[in-house]
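In: Provide a 3D model corresponding to the input given below.
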Amino acid sequence: MRQVIITGTSQHPTRNFFPLCAATILAVLLAATRTLIAQEVSHVVLALPDAPAPQVQAPLGAPQGFASVAGTVADAQGALIADAHVELDNAATHEKREALSNEAGQFAFSSVEDGLYSVTIEATGFAPAVRTGIIIRTGESYQLTTTTMQIAPTSSTVQVTPKTQYELAQAQIKAQERQRFLFVIPNFFVSYVPDPVPLTAKQKLSLAARATLDPYHLIDSGAVAGWEQSRNDYPGYGQGAAGYAKRFGAAYGNTISGTFIGEGLVPALLHQDARYFYKGTGSIPSRIGYALFAIVRTKGDNGKWEPNYSGFIGGLAAGAISNSYLPAGDRKPFSNVLNGELQHFATRGIGTLMDEFLSRWVTTHARDKGTIGHDAQKVP
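Out: Numbers count the residues shown, from 1 in each chain. Below is the predicted model:
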């Protein structure tokens, strides 16, 4: 009789059951994982764009209600191009704004309204480059991809006449000289350009001279002289025509010294800008603080905020000159100069508040758009 030998495996079937189940589950999980990975890779590949789109950054410092656009200009070898002429054109309104690239090839436009724009870039020796279809939305900051300029073909003539920084500043001055508060009072020292170009020393003196010689100041000095004579201020001048002439000369002299010295000569020597730079955005408290802070700070020619040394020194110089031609009995060097300086800062504070909240709405040409004088910019 044959014996059937039963092995240990047959005697204990549960010993192999659990390893077999674990192996089966592991195989199923591996197959499912491979399927999911294949689906994700397919999804990523299908989602890849055909071409890179303009880079859009989160809004960083874009004024409320506006946007900003910036970019870089380089040649085919990657060298950065300075002083390239950049024009931002609104496709709907055809309003144009202009800028020059700085030494790092960078340009920027701030306070840009929403809409569809194109950018045209020109530089000497290069063919013009045009970027179209740029959609601007309120509150966003747009960083365009680097624009590569190609060498202009030798077989064609390309006339590129980018405006220099001096020319842009000169255009801004011409626009400011059209600004008159209530259609009469010159309002030449307020800039409504978001990023104004710094003025040269010659341009500062020219603007101050233009303001000093404005016919309005003759009328104003005449009114001041009449008011002082009616009150018999500075009795050493006397009365009658001679007294009035002396008071008129003193009043007009105050205008000359205060404007030409305080807003032209001293800022030119100290490389500062005597203009008020309109803010126009933000909360009312922040704008009030900005306006009042303009009493003690101003922009330097480097585009950075600095203590308003030119305003302080200019006020002292104007006060000393004004005291020098008062009648002998009314000359008080210390008190007159100090009081004049305090009055200067007080009137400056009132003036900056008016410039921030009122002047733009009652000043001629203050809200002009699409002109180089108001929109030309230079990246500092």
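
In: just the element for Ala211, please.
Out: helix 201-212 (DSSP states H and E).

In: try Glu87
Out: strand 85-90.

In: got the CA coordinates for that strand in CSV?
Out: Extracted in CSV, the C-alpha atoms of strand 85-90 (Å, rounded to 0.1, in the frame of the first residue of the first chain):
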residue,chain,number,x,y,z
HIS,A,85,13.2,105.9,-26.6
VAL,A,86,10.1,104.1,-25.3
GLU,A,87,6.5,105.0,-26.3
LEU,A,88,3.4,103.6,-24.5
ASP,A,89,0.4,104.0,-26.8
ASN,A,90,-3.3,103.5,-25.7
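
In: pLDDT on that strand, on average?
Out: For strand 85-90, the mean per-residue pLDDT is 93.

In: by contact count, what packs against that strand?
Out: Under the contact criterion of 3 or more CB pairs under 8 Å, 6 or more residues apart in numbering; DSSP states H and E, strand 85-90 touches strand 67-75, strand 96-100, strand 106-112, strand 115-122. All C-beta spots, glycine's among them, are computed from the backbone N, C-alpha and C.

In: could you rerun that using 6 Å?
Out: strand 96-100, strand 115-122 (3 or more CB pairs under 6 Å, 6 or more residues apart in numbering; DSSP states H and E).

In: contacts for the helix or strand harbouring Thr298?
Out: According to DSSP H and E, Thr298 maps onto strand 297-300. The contact list for strand 297-300 (CB atoms under 6 Å, 6 or more residues apart in numbering) reads His271, Gln272, Asp273, Trp305, Glu306, Asn308.

In: picking that back up, quick one: list the elements packing against the helix holding Ala211.
Out: helix 266-270.

In: can you name the next helix or strand after the helix it packs on?
Out: Heading C-terminal from helix 266-270 (DSSP H and E), you reach strand 272-273.

In: how distant is the very next helix or strand once past that next one from the center of its chain?
Out: Beyond strand 272-273 in the direction of the C-terminus, DSSP H and E gives the next helix or strand as strand 276-277. Offset of strand 276-277 from its chain centre (CA atoms, centre = their mean, to the nearest Å): 11 Å.

In: circling back to that earlier point, quick one: strands adjacent to the strand holding Glu87?
Out: The strands beside strand 85-90 in its sheet (DSSP bridges) come out as strand 96-100 (antiparallel), strand 115-122 (antiparallel).
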